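*Asks:* Below: sequence and its predicted model.
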Amino acid sequence: MSTLLIQTPELADGEVYLGGRISKIGEVQHSILIAINDAELSLDGQREWAKSKGGVLMNRHEALVIYNEHRDIVKPDWYWTDEECEWNSAYAWYQNFDGGGQRHNRKSAALRAVAVRRLSIQ
């Protein structure tokens with residue numbers, strides 16, 4: 001059995017390391033929280049906001065990490081993820097940081113957002 005050492009990337013002030021995941025091909029992908037937007041916008045509006053911060057919206061996995069390990073840095077409210085519903089293109093997934101559930105809503109709904117950046121290392 002071999003040992004894999006994962007080194008965390010350098011963080012800028014205010015950034016929060018969410019963790020590293022190993023893909024099927026052995027690539028390590030790091031997730032870093034870079035900003036939180038408490039203004040409530042549609043999914044497209046929040047995607048634009050995240051892009052302006054140099055990132056993308058969190059995915060559902062990152063949302064669970066925030067809920068389980070960093071809930072104190074978000075409000076107990078609903079936050080968009082960047083994942084659309086497979087069965088209806090008018091809907092996308094959000095994370096409820098009050099109760100912990102992940103549900104779907106129309107993309108036009110006004111919710112908060114978390115921007116992340118991801119680094120991949122082989």
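*Replies:* Perfect, I can see it now. Keep in mind that what you see is a predicted model, and the values were worked out from it rather than measured.

*Asks:* residues touching Gly54, list them.
*Replies:* Contact analysis of Gly54 by Cβ atoms under 8 Å, 6 or more residues apart in numbering lists 34, 115, 117. Where C-beta positions appear, they are placed from N, C-alpha and C, glycine not excepted.

*Asks:* Tell me how many other residues crowd the closest residue to Ala92 other than its chain neighbours.
*Replies:* Counting by Cβ to Cβ, 6 or more residues apart in numbering, Ala92 lies nearest to Glu84, which is 4.7 Å off, once chain neighbours are set aside. Applying other Cβ atoms under 10 Å, we find 15 residues neighbouring Glu84.

*Asks:* any idea how far Asp72 is from Glu84?
*Replies:* Distance from Glu84 to Asp72, counting by Cβ to Cβ, to the nearest Å: 29 Å.

*Asks:* I figured Glu27 hits Ser120, correct?
*Replies:* Yes: assessed by Cβ atoms under 8 Å, Glu27 is found in contact with Ser120 at 5.4 Å.

*Asks:* Show me which residues of the longest strand along the chain are buried.
*Replies:* Secondary structure assigned by DSSP state E gives strand 28-41 as the longest strand of the chain. In terms of neighbour count (16 or more other Cβ atoms under 10 Å), strand 28-41 has its buried residues at 30-37, 40-41.

*Asks:* how about those residues in a markdown table, adding distance to Gly55 and pLDDT?
*Replies:* Formatted as a markdown table, the buried residues of strand 28-41 follow (distance: Cβ to Cβ, whole Å; pLDDT from 0 to 100):
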| residue | distance to Gly55 | pLDDT |
| --- | --- | --- |
| His30 | 13 | 93 |
| Ser31 | 10 | 96 |
| Ile32 | 8 | 97 |
| Leu33 | 9 | 98 |
| Ile34 | 5 | 98 |
| Ala35 | 7 | 98 |
| Ile36 | 11 | 98 |
| Asn37 | 11 | 98 |
| Glu40 | 19 | 98 |
| Leu41 | 15 | 98 |
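
*Asks:* now those in a markdown table, with distance to Asp13?
*Replies:* Shown next, in a markdown table, are the buried residues of strand 28-41 (distance: Cβ to Cβ, whole Å):
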| residue | distance to Asp13 |
| --- | --- |
| His30 | 17 |
| Ser31 | 18 |
| Ile32 | 12 |
| Leu33 | 13 |
| Ile34 | 11 |
| Ala35 | 12 |
| Ile36 | 14 |
| Asn37 | 18 |
| Glu40 | 26 |
| Leu41 | 25 |
